[in-house]
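> below is the sequence, then the predicted model.
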Amino acid sequence: MSGSAGRAGATLVAVVREEGAWPAAFGAPDGRMRLEEGWLVWRAGSCSVAEGTSGRAMAILSGEVLQPRWGRSAEALAEAAESGGAASLRNLDGFFLALVAEEGGEVLWATDRLGSRRFFWREGAGGVFLSDRPEALAALGAAVDPVGLAWALASPAIYGGRSLWEGVRSVPPGAEGRATPDGLRIEAQWRPKLPRLGAARAAEGLAQGAKVRLAEAIRESVRVCLDDRETLIALSGGWDATTIAAEVVAMGRRARAFSYGVPPFPSDSDAMVAQRQAAVLGLPHEIFESYAGPLDRWLALNVGRLSCQREPIVEADAWLAVAEEHEGAAALLGDEWFGMRSETVPRDEDEVLDRLQMFGLDRCGALADPPGERWRMLGEALEEERRALVAEARGRCGDLLGLRELLFLEQRLRCFHMPMRRWFPGDALAVRNPFLTRRMLDLAEALPPELRLGKRLFRETVAARYPELFRTPRAMAQANELDLAAEIRGAAPAILDSLRRDSPLDAWVPPERIAALLGRVASQGAPPGWVQRLKAAVPRSLRIRCGLARTARKGPRVPDSLLLLRLLAVRSALNPR
């Protein structure tokens, strides 16, 4: 067996029948191991790779295992694999994807409950291939996944475990299994179930005991996320991160708080409320600017880091700045599953999907009329997928409240919230979610729905523990509003130039429609004469032959400026580099 330490770049792992089946497109591998059936070959990328003491076993680890007995390291996992075999990956906690293998044996793999380290896999000639970059797997040859494309345009993220490429799927979350040349096998997976509202008749009587258990779990989950690294806390002006900060201070640990946004910052914005909360707690606080511009650089950064698994985000530059100034620190985030803020029960499935922004293509109003046959088929395929996700989740919950909670956890939280805070800093920061450990998720799953509604149990528990802190008014606005029209005007020449190049997206959305959408968005608030100059600059080949839709549609709608950014990001992601 041979190996090397991890380095920056895509992580690539192959379990193949023949050693020579490692694709040339992946470049030279870092190491290889003979298995019982075939070979394990890898390029470490940003992962850590280590051997056990005897050299018989090895481990590839992305992220962190939180149990102290593992030492949070690939070395400890390799040692455990030598002594415990399959048991070494059982019931691990943390934020990780791990693979262990033994010389002449098998490849075992496991992910944390939410699959926070986004990895993708596909079957190919001679074996199965895994990577943290889906476009690296697409380079082996893959057509556009129509449903993945539809998600990318209609919603903030690509849901359902898909990517932009057919056959390239995300590694299942909360799972353990084996990787063989025949595919990725799942042997165990966490699939939470929720009771219906009203099923727990004694919910009021259970509340007091549940508060005690929750308070204990909060303390323990925050404690296990602390080590000898510098501790940063991302404060957003909400209850979740504020609670984490209060617990860290109560433990006597030194920490720094930070927020981010686009100036100026109104007094009721999340960044300014967070600043006041930090002052109450006695924590140093810093505000990072979310967006450094210009638009073409920022868009390329989003596409390059996220491979368009979710829409471009304003916070990209803030996370890069935090990682640069505090490299090696641990950043604690307040994402949780104690219930959504709304104290009302959804009326129907459509309201659930709208609330979670899992939209259909009909919400892309600027492109919907006239739809065209391919666009109509794209919409129908996405609608079938949306209903399939609903049907699967309905089988594990008792009512629409439970449906909303499950889809929030498994789709919105996993695919939308978690990737943006991990991909940009990479491994320069250890990003940890104290409220998403196994213990916290097990406790949240067991809560009666009455105690989840409006985050009731969580709010009452932490308000009683820190009354002075939670008398501070909550944030009423986000400080991340960007004048997209002005930014798009500045980038208009570069955008038009990019539309001259062919793209796989052209079959669904012709470039002339994107050019027309560019004109509509950029004209908002444009100075005198600017619109006329833009029209003159549009090449004849990009001049649209029909108007863009302006039909008013029922329910939320994707804003034109955001739709344009999604189209540009998808176009860039699909174009070969």
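Now that the structure is in, tell me what you want to look at.
> how close does the residue most central in space within the chain get to A486?
What sits nearest the mean C-alpha location of the chain, by CA atoms, centre = their mean, is P419, with 2.5 Å. Applying CB to CB, to the nearest Å, the value for P419 to A486 is 27 Å. For every residue, glycine as well, the C-beta is placed using N, CA and C.
> ok, now R223?
As judged by CB to CB, R223 and A486 stand 46 Å apart.
> re the thing from before, for the residue nearest to the centre of the chain, which residues are in contact?
Contact partners of P419, counting by CB atoms under 8 Å, 6 or more residues apart in numbering, are 118, 157, 306, 309-310.
> so how far is the first residue of stretch 455-472 from its last?
Separation of the first and last residues of stretch 455-472 by CA to CA, to the nearest Å is 18 Å.
> may I see the buried residues of that stretch?
455-462, 465-466, 469-470 (16 or more other CB atoms under 10 Å).
> sitting in helices, which of those residues do you find?
Among those, the residues falling in helices (DSSP state H) are 456-462, 465.
> which single one of those is nearest to E102?
Closest to E102 out of these is F458 (43.1 Å), distances taken as CB to CB.
> for the helix or strand containing A78, enumerate the helices and strands it packs against.
Using DSSP states H and E, A78 maps to helix 74-84. Counting contacts by 3 or more CB pairs under 8 Å, 6 or more residues apart in numbering; DSSP states H and E, helix 74-84 is packed against strand 48-51, strand 57-65, strand 94-102.
> low-confidence regions, this structure specifically.
1-8, 68-72, 199-206, 306, 369-371, 544-554, 576-577 (pLDDT under 70).
> now do the domain split for it, please.
12-119+171-189, 203-342+417-471, 484-574 (automatic domain parsing).
> would you list these in CSV and tack on distance to A366?
Output for the domains of the chain, formatted as CSV (distance: least, CB to CB, whole Å):
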stretch, distance to A366
domain 12-119+171-189, 29
domain 203-342+417-471, 16
domain 484-574, 5
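> so for F359, which of the ones you listed sits nearest?
Proximity to F359 (CB to CB) singles out domain 484-574 among the domains of the chain, at 6.9 Å.
> how distant is the closest one from the center of its chain?
27 Å (CA atoms, centre = their mean, to the nearest Å).
> again, but for stretch 52-61
Chain-centre distance of stretch 52-61: 30 Å, with CA atoms, centre = their mean.
> how long is that stretch end to end?
For stretch 52-61, the first and last residues are 13 Å from each other (CA to CA).
> please enumerate residues in contact with that stretch?
In this structure, residues lying in contact with stretch 52-61 by CB under 8 Å, 6+ apart are 1, 3, 11, 13, 31, 33, 42, 44, 47-51, 73-75, 77-79, 81-82, 96-103.
> derive a ChimeraX selection command for the buried subset of the residues you listed.
Those of those that count as buried under 16+ other CB under 10 Å are selected in ChimeraX with:
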select :3,11,13,31,33,42,44,47,48,49,50,51,74,75,77,78,79,81,82,96,97,98,99,100,101,102,103
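> in TSV, list the helices and strands packed on helix 74-84 along with distance to T344.
Below are the helices and strands packed on helix 74-84 laid out as TSV (distance: least, CB to CB, whole Å):
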stretch	distance to T344
strand 48-51	46
strand 57-65	36
strand 94-102	32
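> and of those strands, who's closest to M340?
M340 sits nearest to strand 94-102 of all the helices and strands packed on helix 74-84, at 22.3 Å, using CB to CB.
> now do that closest one against strand 57-65, angle only.
180 degrees (axes from the mean of the first three to the mean of the last three CA atoms, to 10 degrees).
> coming back round to it: and of the domains of the chain, who's closest to G379?
domain 484-574 (10.5 Å).
> ends of that closest one, what's the gap?
One end of domain 484-574 to the other measures 23 Å (CA to CA).
> try stretch 464-479
End-to-end span of stretch 464-479 (CA to CA): 29 Å.
> same question for stretch 490-508.
Distance between the boundary residues of stretch 490-508 (CA to CA) amounts to 27 Å.
> so what touches it?
The contact list for stretch 490-508 (CB under 8 Å, 6+ apart) reads 144, 146, 149, 294-296, 299, 374-375, 378, 488, 511, 514-515, 518, 522, 534, 537-539, 541-542, 567-568, 570-572, 574-575.
> which of these are buried, as a ChimeraX select command?
Buried subset of those, written as a ChimeraX selection, criterion 16+ other CB under 10 Å:
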select :144,146,149,295,296,299,375,378,488,511,514,515,518,522,534,538,542,567,568,570,571,572,574
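> among the contacts of stretch 490-508, name the ones in strands.
Applying DSSP state E to the contacts of stretch 490-508, no entry is found in strands.
> before we move on, back to that, check which helix or strand covers the residue nearest to the centre of the chain.
Secondary structure from DSSP H and E places P419 in helix 418-423.
> how far off centre is that helix?
Remark: helix 418-423 is offset 5 Å from the chain centroid, using CA atoms, centre = their mean.
> which element is encountered next along the chain beyond it?
With elements assigned by DSSP H and E, the helix or strand that comes after helix 418-423 is strand 430-432.
> mind giving me the packing neighbours of that next one?
Strand 430-432 packs on strand 330-332, going by 3+ CB pairs under 8 Å, 6+ apart.
> adjacent strands (with direction) for the strand it packs on?
In the sheet, strand 330-332 lines up against strand 231-234 (parallel), strand 430-432 (parallel) (DSSP bridges).
> which other residues reach that strand?
With contact meaning CB under 8 Å, 6+ apart, strand 330-332 is reached by 222, 225-227, 229-234, 241, 244, 248, 322, 421, 425, 429-434.
> mind doing that once more with 7 Å?
For strand 330-332, contacts defined as CB atoms under 7 Å, 6 or more residues apart in numbering pick out 225, 227, 229, 231-234, 244, 322, 429-432, 434.
> what of stretch 143-150?
Identification of contacts with stretch 143-150 by CB under 7 Å, 6+ apart yields 158, 162-166, 361, 378-379, 381-382, 385, 504, 508, 570, 574.
> most neighbours among those residues, please name it.
I158 (29 neighbours; other CB atoms under 10 Å).
> state the helix or strand in which the nearest residue to it once chain neighbours are set aside lies.
Nearest residue to I158, sequence neighbours excluded (CB to CB, 6 or more residues apart in numbering): W151, at 4.4 Å. Here W151, judged by DSSP H and E, is contained in helix 146-154.
> now swap in W42 and tell me
W42 belongs to strand 39-43 when assigned by DSSP H and E.
> could I have the CA atoms of that strand written out in CSV?
Output in CSV follows, covering the C-alpha atoms of strand 39-43 (Å, rounded to 0.1, in the frame of the first residue of the first chain):
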residue,chain,number,x,y,z
TRP,A,39,-8.5,-2.0,-6.0
LEU,A,40,-9.0,1.1,-3.9
VAL,A,41,-7.2,4.0,-5.6
TRP,A,42,-7.4,7.7,-4.4
ARG,A,43,-6.3,11.2,-4.7
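> other SSEs contacting that strand?
In this structure, strand 39-43 makes packing contacts with strand 12-16, strand 31-34, judged by 3 or more CB pairs under 7 Å, 6 or more residues apart in numbering; DSSP states H and E.
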